[in-house]
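[1] Predicted model and sequence follow; I will ask about them next.
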Amino acid sequence: MQGVLSGFAVIAVVIAVGYLIGRRGHLGENGPEVLTRLAFHVATPALLFTTLSRADLSVILSGRLLITALCTAATAGAFVAVGALRGWGVGRTTIGALCSSYLNAGNLGIPIAAYVLGDASLIAPVLLFQQILVTPLALTVLDLSGAESGSGGKDPLWKRLTTPLRNPLALSSLAGVTVAATGWSVPGPLGDPVALIGNMSIPAVLLALGISLCGSSLPGGPGPDRLPVLLSTALKSVGQPLLAWFLAAEVFGLDGEPLLQVVVVAALPAAQNMFTYASRYQVGERLARESILLSTLASAPVMVGVAAVLG
């Protein structure tokens, strides 16, 4: 229980620092954009390479990962279906689908896995699945839809088809998996600077999120994004853990500690990276920001309840 509260406290403090920075104007008007671009193009690729290059790839074959994959597909698919019916647009719907399904595995998942579930390696399959499959797929959709500049459809076919090979997050993930698969150990003079740069990723994202809150309305308030925000929050905070509970207990026959582990992981809130992607592609920024905040707030009592019932 203390691990859950500690993880949320860390996130809240860093976001609060970003909010104060924004209020005082220390980074100027372009502060959030600079932090976002730093995270997207430099820090997060370095973090992904460092994390995945040290991962045990055998964990990707675990049954628990299959449950996570099914829950991710189901909740994202539900949001996409509603988004298509309501005409929310490809880019906006993609961001909402990510906020409905993409777990905060790196920033909050690791401390919770370590302190609540007793094994930090439990989160490794989720990290691999999200970074190797979900992230490149989602960013490819955003690139091909022309979410940032409206020019995606004008690019040559070969350029659109090779989008994943030019995305820094996809490239760093692929490089990390390649290193892990070969068993090569990155030399210290090379790996240490990359790891140091990667350490900027999570603070940069959280600070940018905090700065963006200055002058913002309350999450879930009136506006065109209200329904998408509430839908993504409900799917992420309630739908995903309930589905994980059903699949783990009724389909895969898990109980006891394995069941607790699967449901707690599914109850993780939306990752802060979703705000980075929304800002980078200039689509659904309010949707991402408010969904992250609401799902983070909602996940705390959900996790406490899951731990009380299954723990």
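    Right, received. Where do you want to start? Keep in mind it's a predicted model, so treat the numbers as computed, not measured. Numbering: from 1, shown residues only.

[2] where's Leu98 relative to Val251, distance?
    According to CB to CB, to the nearest Å, Leu98 and Val251 sit 25 Å apart. The way it works is simple: take the backbone N, C-alpha and C, and place the C-beta from them, glycine included.

[3] same thing with Ile11?
    Between Ile11 and Val251 the distance is 32 Å, computed by CB to CB.

[4] Who has more neighbours out of those two?
    Neighbour comparison, Ile11 and Val251: the larger count goes to Ile11, with 20 against 11 (by other CB atoms under 10 Å).

[5] If you count contacts, what does the strand or helix carrying that one end up packed against?
    Under the criterion of DSSP states H and E, Ile11 resides in helix 2-24. Where contact means 3 or more CB pairs under 8 Å, 6 or more residues apart in numbering; DSSP states H and E, helix 2-24 is packed against helix 31-38, helix 110-115, helix 201-212, helix 285-310.

[6] and if we set it to 7 Å?
    Counting contacts by 3 or more CB pairs under 7 Å, 6 or more residues apart in numbering; DSSP states H and E, helix 2-24 packs against helix 110-115, helix 201-212, helix 285-310.

[7] Need the phi and psi values for Leu254.
    The phi and psi values for Leu254, taken as degrees, to the nearest 10, are phi -80, psi 150.

[8] surely it meets Leu260?
    No: at 9.1 Å, Leu254 does not count as touching Leu260 under the criterion of CB atoms under 7 Å.

[9] which residues touch Leu139?
    Leu139 makes contact with 167, 169-170, 277, according to CB atoms under 7 Å, 6 or more residues apart in numbering.

[10] same check, this time on Ala74
    Leu243.

[11] Could you list the buried residues of the helix or strand containing it?
    Ala74 is located in helix 63-86, with elements delineated by DSSP H and E. For helix 63-86, the neighbour count (16 or more other CB atoms under 10 Å) marks 64-65, 67-69, 71-72, 74-76, 78-80, 82-83 as buried.

[12] for the record, mean pLDDT for it?
    The average of the pLDDT scores along helix 63-86 is 94.

[13] Check stretch 174-191 too.
    Average pLDDT, stretch 174-191: 88.

[14] circling back: what's the most buried one of the helices and strands packed on helix 2-24?
    helix 201-212 (a mean of 24; mean count of other CB atoms under 10 Å).

[15] Quick one: name whatever helix or strand follows it.
    Next in sequence after helix 201-212, counting helices and strands by DSSP H and E, comes helix 226-234.

[16] List the buried residues for that next one?
    The neighbour-count criterion (16+ other CB under 10 Å) identifies 227-229, 231-234 as the buried residues of helix 226-234.

[17] Just checking, which helix or strand succeeds it along the chain?
    helix 240-246.

[18] picking that back up, pull the CA atoms of the helix holding Ala74 into PDB?
    Extracted C-alpha coordinates of helix 63-86, given in PDB (Å, rounded to 0.1, in the frame of the first residue of the first chain):
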ATOM      1  CA  GLY A  63       0.600 -15.700 -20.200                       C
ATOM      2  CA  ARG A  64       0.200 -12.500 -18.200                       C
ATOM      3  CA  LEU A  65       1.400 -10.400 -21.100                       C
ATOM      4  CA  LEU A  66      -1.300 -12.000 -23.300                       C
ATOM      5  CA  ILE A  67      -3.900 -10.700 -20.700                       C
ATOM      6  CA  THR A  68      -2.400  -7.200 -20.900                       C
ATOM      7  CA  ALA A  69      -2.400  -7.300 -24.700                       C
ATOM      8  CA  LEU A  70      -6.100  -8.400 -24.800                       C
ATOM      9  CA  CYS A  71      -7.100  -5.700 -22.300                       C
ATOM     10  CA  THR A  72      -5.200  -3.100 -24.300                       C
ATOM     11  CA  ALA A  73      -6.800  -4.100 -27.600                       C
ATOM     12  CA  ALA A  74     -10.300  -4.200 -26.000                       C
ATOM     13  CA  THR A  75     -10.200  -0.800 -24.300                       C
ATOM     14  CA  ALA A  76      -8.500   0.900 -27.200                       C
ATOM     15  CA  GLY A  77     -10.900  -0.700 -29.600                       C
ATOM     16  CA  ALA A  78     -13.900   0.500 -27.600                       C
ATOM     17  CA  PHE A  79     -12.700   4.100 -27.700                       C
ATOM     18  CA  VAL A  80     -11.900   3.900 -31.500                       C
ATOM     19  CA  ALA A  81     -15.500   2.600 -32.100                       C
ATOM     20  CA  VAL A  82     -17.000   5.500 -30.200                       C
ATOM     21  CA  GLY A  83     -14.600   8.000 -31.800                       C
ATOM     22  CA  ALA A  84     -15.500   6.700 -35.300                       C
ATOM     23  CA  LEU A  85     -19.300   7.000 -34.600                       C
ATOM     24  CA  ARG A  86     -18.900  10.500 -33.100                       C
END
